[in-house]
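[1] quick one, what's the 3D model for this:
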Amino acid sequence: MRDRIGRSGGCLLYKQLIAVACLAYLSLASATAQPDNDALIAFGLSGMWAADCAERPSSSSPHVKFAIMDGMPTRTVLTGVSQTMVMRNLRMIAPDRLGYYLQAPSKEWHYRVVARVGQDIRNHEAIGPDGTAVIKDGKYVASGAPTPLYRRCSDRT
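    Below is the predicted model of the structure:
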């Protein structure tokens with residue numbers, strides 16, 4: 001009888017240790033995300049954005065949603081389907097610019113800078129995981145065309 005109690009007590013202690021470890025991990029992840037969440041909110045980026053909010057999301061009219069999901073800042077691109085990516089290391093790099101890293105579904109990290117232009121935003125820089133710039137100074141490197149301006153849509157979008 002004593003042997004059984006000792007083992008079941010040990011099992012209970014083991015389960016409690018696992019529970020404490022899980023809570024500590026979740027607290028650490030939440031604490032790590034807090035400055036990133038604060039930067040997202042301070043820059044005023046939370047919400048849905050599109051070049052034309054009246055159009056439905058599609059490949060020719062993408063909508064972008066910035067939000068805090070499960071305690072982490074995220075960017076979701078809607079083009080008829082949606083792709084959500086975690087944002088990390090959000091930093092105000094100028095009064096009108098926010099830099100951050102995106103984790104792609106492939107688990108690779110991409111660097112982005114979004115710029116505020118009046119009440120609108122635009123992609124100002126985009127650097128892939130191999131260090132290749134796709135967007136520089138608000139223009140696509142390949143074509144030289146400016147990136148589209150996105151305006152905040154209503155919450156119904």
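
[2] ok, Arg97 to Arg56 distance?
    30 Å (CB to CB, to the nearest Å). The way it works is simple: take the backbone N, C-alpha and C, and place the C-beta from them, glycine included.

[3] pull out the buried residues from the lengthiest strand in the chain.
    Identified as the longest strand of the chain according to DSSP state E is strand 82-94. Neighbour counts over strand 82-94 (16 or more other CB atoms under 10 Å) mark 85-87, 90 as buried.

[4] those residues: which two are farthest apart?
    Greatest spacing in the buried residues of strand 82-94, by CB to CB: Met85 and Leu90 (12.9 Å).

[5] after the longest strand of the chain, next one along is what?
    strand 97-103 (DSSP states H and E).

[6] can I get that following strand as PDB, trimmed to CA atoms?
    C-alpha atoms of strand 97-103 as PDB (Å, rounded to 0.1, in the frame of the first residue of the first chain):
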ATOM      1  CA  ARG A  97       8.000  53.800 -39.800                       C
ATOM      2  CA  LEU A  98       7.600  50.400 -38.100                       C
ATOM      3  CA  GLY A  99      10.000  47.600 -38.700                       C
ATOM      4  CA  TYR A 100       9.200  44.000 -38.000                       C
ATOM      5  CA  TYR A 101      10.000  40.400 -38.800                       C
ATOM      6  CA  LEU A 102       7.400  38.000 -40.300                       C
ATOM      7  CA  GLN A 103       7.600  34.300 -39.900                       C
END
